[in-house]
Each structure stands twice: as C-alpha cells, then as structure tokens.
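>>> A structural model of the following input is requested.
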Amino acid sequence: MTTVNEFFDTLTSRVDAAKTAGMNNTYVFDIQGAGTWTVAVKDGTVAVSEGAADADCTIASSAANFERIVNGDQNPTTAYMTGKLKIRGDMGAAMKLQNIF
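Alright, predicted model coming up:
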C-alpha cells in the first residue's frame, strides 16, 4: 500500500514521459492530514514540490481517501461524485490526470 508521502516522493520516477508529452498543467494536491504538494507537468517532465503554488486546479482530499484512490481501492470519479475528492479550477486539466497516474 502506497502512502500519500510515498506517492509524491516517487511520482517523478513513475510517470511515463510519453503520456505527459504536450501537457502543460500545474496541480496543487491539498491532502488533509498529510500536506500540500504542487505537481507541474511540462511537456514530458513532471516536477513535484512541497507547498502550494499557482496552479490550473487544486485537488483536495483526506489522506485516507487519497490513499484509497492511488492504491486502486477507490474510483476517483466516484470519490469526486460523493464529495470525497474535491476539485477547484480547470476541470479539463484535472481530467488529464486519469491518463497519467
């Protein structure tokens, strides 16, 4: 089982550059009980930093719900529809995450 911190610590090494080619979006993940991270996707590269920065969208969740999502135990769309995952900002940018992670 991957924890929130493990997810962000290893994200840059797990993302397929072919899947992020042509993308230029920035995301803030505000994970209650774990922290806040900014993920910048720029044409094949992914950079992760702690803290919030300007972003196309912000994704908020509890640590427990986020861990269920990244471990495949919770469908992200269902989590969004039931209020367990909140998205503010560019919904189109958020939808692109389905292809990456």
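
>>> Run through the residues that contact N75.
Counting by C-beta atoms under 8 Å, 6 or more residues apart in numbering, N75 makes contact with I69. For the C-beta atoms, the positions are set from N, CA and C on the backbone; glycine is no exception.

>>> What distance do you get for it to A93?
19 Å (C-beta to C-beta, to the nearest Å).

>>> Please apply the same query to V39.
Computed as C-beta to C-beta, the V39 to A93 distance reads 11 Å.

>>> So between the two, which is more surrounded?
Higher neighbour count among V39 and A93: V39, with 23 against 18, using other C-beta atoms under 10 Å.

>>> surely the more buried one meets T12?
No - using C-beta atoms under 8 Å, V39 is not in contact with T12; the gap is 9.1 Å.

>>> Now do the shared contacts for these two.
In contact with both V39 and T12: V46, A47, V48, using C-beta under 8 Å, 6+ apart.
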